[in-house]
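K.L.:
Okay, predicted coordinates and the sequence, questions at the end:
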Amino acid sequence: MLKQDPLQYRELAAKAVQDKQLHKALGKLRDKFGRNAVNLYNQLSPEHDPRQDAKAVRRKIVDNLDVVLETLAANIRARGGHVHLAETGADAVEYCLGVAKRFQVRRVVKGKSMLSEEIHLNDALEAAGIETVETDLGEYIVQLKGEAPSHIIAPAIHYTREQVGELFAEKLGEPFTDDPPTLTAMARKALREKMLGADMGISGGNTACAETGHVTIVSNEGNIRMATTMPRVHVVLLGIEKIAATLEDHDILLRMLTRAAAGQKISTYVSYVGGPRLDEEPDGPEEFHLVLVDNGRSRILADPDFREVLHCVRCGGCLNVCPVYMAIGGHSYGSPYCGPIGAVFTPLTQGINTCHHLCQGETLCGACKQVCPVDNDLPRMLSLLRFKLANGDARWNVRPQSLPAKLVFGAWSVLMRHRRMYDAMSLLAGFCQRLLPRKNGWISRLPGPLGGWTRGRDFPPLAKKSFARRWARRNTTRRDA
């Protein structure tokens with residue numbers, strides 16, 4: 001599996017911005033999922049925004065997370081299921097390996113789980129000699145390729161059907177075709193054989209309901225139902241924050257999740273799991289395990305400035321409208337969670353200094369907040385992360401990143417608050433720009449540290465008259481008339 005590293009962000013992003021095929025694929029994602037979500041939002045009543053209902057639900061749950069977790073665990077156990085609270089990713093992996101050892105598992109089939117990517121579960125299973133097979137079609141494609149997913153809900157969005165055809169011909173020994181139904185049939189045949197011989201199924205969960213003691217899994221493929229019911233044991237990996245307190249709350253979150261994720265009023269398949277099969281049931285696992293994973297989430301929960309990021313329902317909607325993600329794709333982020341949500345969540349869980357490129361690479365345009373089904377203010381949190389990088393923060397073990405940068409932006413802040421100083425500097429900049437090299441009227445190279453702006457593009461020159469001066473003259477002309 002491709003090793004992901006946030007420190008490679010600049011290098012990988014520089015390559016991705018030149019990848020025309022990637023941009024074409026991501027453009028289709030934006031046009032389909034992004035626009036569909038916006039269209040569904042527009043169909044909702046303008047007098048009542050259900051995103052605010054979802055936001056209120058998530059806030060209430062996160063603020064009372066200890067009680068909700070205890071209720072969920074009690075109801076799962078009452079039906080014969082097992083619940084384990086994993087403080088770290090390593091703890092979660094160790095627990096899964098322990099269950100696999102007890103059942104003498106030789107093959108695991110997995111439903112889609114970003115959390116398993118977060119804790120590197122596949123690598124650990126393979127190292128223990130356990131064959132691990134992804135059953136989600138997109139996840140299966142990237143697994144065959146030896147890559148990580150490039151999108152939260154569309155893992156193989158960066159591939160064309162021709163590339164998938166070549167991959168299947170190489171890995172599955174099938175004749176080449178680029179026909180999607182034929183490719184799907186090839187994958188179905190290969191995966192069906194794997195699922196029939198699997199000893200354990202592992203899946204993620206989109207949300208859980210504490211009141212009823214069940215975990216909900218949504219998908220547009222039927223594979224995950226086979227992966228979670230056919231093997232003798234089923235293990236669900238769930239972040240501690242992905243819970244609804246009541247069935248009413250669960251319904252609100254589920255409907256907003258599917259709207260934002262794929263522009264659907266509801267997904268094709270909605271599965272509810274929460275325990276081993278009963279005596280009168282014909283199928284289902286002999287044992288059911290729910291692994292609730294913390295892995296840094298409690299630390300975020302304790303900080304009122306960042307607690308809001310735990311409201312996220314992992315719909316991937318923010319990726320579908322983010323101009324940065326559309327330019328560089330998911331692999332550039334070096335983390336299972338990419339796009340705007342990854343640019344906040346990953347630094348908080350892996351280190352703000354370590355992952356500083358992620359939060360500094362976003363535009364703060366606000367599109368992510370507009371499409372978020374729970375109205376997460378990601379731009380605010382991205383700005384706060386940058387503030388901590390500039391000033392340091394002992395609580396988050398952040399050291400100031402660049403004193404010169406802090407001084408420059410501090411000076412810019414002062415300049416922006418004093419009109420006369422700003423006008424004077426604008427005149428000076430307008431004069432100095434005459435000395436810079438140009439191409440077709442645009443500045444082709446900026447000096448010193450500013451040169452990064454023109455390394456891959458030309459820069460527009462300052463206008464002869466600023467907007468403020470033109471606006472003032474426009475108003476003066478109107479009054480004279």
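P.N.:
Sure thing, it's come through.

K.L.:
C-alpha only now, for contacts and for neighbours.
P.N.:
Fine.

K.L.:
Can you tell me what sits against stretch 355-372?
P.N.:
Here stretch 355-372 makes contact (C-alpha atoms under 8 Å, 6 or more residues apart in numbering) with 6-7, 9-10, 37-38, 51, 260, 317-319, 321-324, 333, 340, 342-344, 346-347, 375-379, 382-383, 385-386, 389.

K.L.:
Filter those down to just the ones in helices.
P.N.:
9-10, 37-38, 51, 260, 323-324, 340, 342-344, 346-347, 378-379, 382-383, 385-386, 389 (DSSP state H).

K.L.:
now the strands for the stretch 151-300 of the chain?
P.N.:
200-203, 207-209, 214-219, 233-239, 243-244, 269-273, 287-293 (DSSP state E, counting those that start in this stretch).

K.L.:
how about CSV for those strands, with mean pLDDT added?
P.N.:
Formatted as CSV, those follow (pLDDT from 0 to 100):
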stretch, mean pLDDT
strand 200-203, 97
strand 207-209, 96
strand 214-219, 94
strand 233-239, 97
strand 243-244, 96
strand 269-273, 93
strand 287-293, 98
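
K.L.:
of all these, which gets the most neighbours per residue?
P.N.:
A comparison of the strands of the stretch 151-300 of the chain by mean neighbour count, using mean count of other C-alpha atoms under 10 Å, puts strand 243-244 on top with a mean of 29.

K.L.:
Mind giving me the packing neighbours of that strand?
P.N.:
Identification of packing neighbours for strand 243-244 by 3 or more C-alpha pairs under 8 Å, 6 or more residues apart in numbering; DSSP states H and E yields helix 50-63, helix 65-78, strand 207-209.

K.L.:
Take those and lay them out in CSV including distance to Gln360.
P.N.:
As requested, these are exported to CSV (distance: least, C-alpha to C-alpha, whole Å):
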stretch, distance to Gln360
helix 50-63, 26
helix 65-78, 31
strand 207-209, 30
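
K.L.:
any idea which of the ones you listed is most buried?
P.N.:
Counting by mean count of other C-alpha under 10 Å, the most buried of those turns out to be strand 207-209, with a mean of 26.

K.L.:
Please enumerate residues in contact with it?
P.N.:
Residues outside strand 207-209 that contact it (C-alpha under 8 Å, 6+ apart) are 72, 214-217, 238, 242-247, 250, 254, 313.

K.L.:
and with 6 Å instead?
P.N.:
The contact list for strand 207-209, computed with C-alpha atoms under 6 Å, 6 or more residues apart in numbering, reads His214, Val215, Thr216, Lys242, Ile243, Ala244, Ala245.

K.L.:
The fourth one: what's it in contact with?
P.N.:
Listed by C-alpha under 6 Å, 6+ apart, the contact set of Lys242 reads Thr207.

K.L.:
Now do it, the pLDDT please.
P.N.:
Note on Lys242: pLDDT of 96.

K.L.:
what's the answer for Arg478, then?
P.N.:
63.

K.L.:
Check Ile341 too.
P.N.:
Value for Ile341, per-residue pLDDT: 97.

K.L.:
in the stretch 101-250 of the chain, which spans are helices?
P.N.:
With DSSP state H, counting those that start in this stretch, the ranges of helices along the stretch 101-250 of the chain come out as 114-118, 121-127, 137-145, 161-172, 180-196, 223-229, 247-262.

K.L.:
mind checking how far the spatially most central residue of the chain is from Gln350?
P.N.:
Nearest to the mean C-alpha position of the chain, by C-alpha atoms, centre = their mean, lies Tyr337 at 3.8 Å. Distance, Tyr337 to Gln350, using C-alpha to C-alpha, to the nearest Å: 12 Å.

K.L.:
Kindly report the same for Phe103.
P.N.:
Using C-alpha to C-alpha, Phe103 is found at 33 Å from Gln350.

K.L.:
now do Glu280
P.N.:
The gap separating Glu280 from Gln350 is 46 Å, by C-alpha to C-alpha.

K.L.:
where's stretch 190-203 relative to the chain centroid, distance-wise?
P.N.:
Distance of stretch 190-203 from the chain centroid (C-alpha atoms, centre = their mean, to the nearest Å) equals 27 Å.

K.L.:
Please read the previous query as pertaining to stretch 112-131.
P.N.:
Per C-alpha atoms, centre = their mean, the centroid offset for stretch 112-131 relative to its chain is 18 Å.

K.L.:
and what of stretch 230-239?
P.N.:
22 Å.

K.L.:
One more: stretch 383-401?
P.N.:
23 Å.

K.L.:
Which residues does that stretch contact?
P.N.:
Against stretch 383-401 from outside (C-alpha under 6 Å, 6+ apart): Lys406.

K.L.:
Let's see that with 7 Å instead.
P.N.:
Identification of contacts with stretch 383-401 by C-alpha atoms under 7 Å, 6 or more residues apart in numbering yields Ile352, Asn353, Cys359, Gln360, Ser402, Lys406.

K.L.:
Now tabulate those in CSV and tack on pLDDT, distance to Ile266 and secondary structure.
P.N.:
Shown next, in CSV, are the contacts of stretch 383-401 (pLDDT from 0 to 100; distance: C-alpha to C-alpha, whole Å; DSSP: H, G, I helix; E, B strand; the rest coil):
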residue, pLDDT, distance to Ile266, secondary structure
Ile352, 96, 36, coil
Asn353, 95, 39, coil
Cys359, 94, 32, helix
Gln360, 93, 35, helix
Ser402, 82, 47, coil
Lys406, 84, 47, helix
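
K.L.:
For those, pick the one with the most neighbours.
P.N.:
Neighbour tally across the contacts of stretch 383-401 (other C-alpha atoms under 10 Å): the maximum, 27 neighbours, falls on Cys359.

K.L.:
Count residues in the vicinity of Lys15, would you?
P.N.:
Residues near Lys15, counting by other C-alpha under 10 Å, number 11.

K.L.:
what's the answer for Leu435, then?
P.N.:
9.

K.L.:
gap between it and Arg445?
P.N.:
For Leu435, the distance to Arg445 - C-alpha to C-alpha - is 11 Å.

K.L.:
what's the neighbour count on the closest residue to Leu144 other than its chain neighbours?
P.N.:
In this structure, Leu144 finds its nearest non-sequential neighbour in Lys171, 7.1 Å apart by C-alpha to C-alpha, 6 or more residues apart in numbering. Residue crowding around Lys171 was assessed by other C-alpha under 10 Å; the count is 10.
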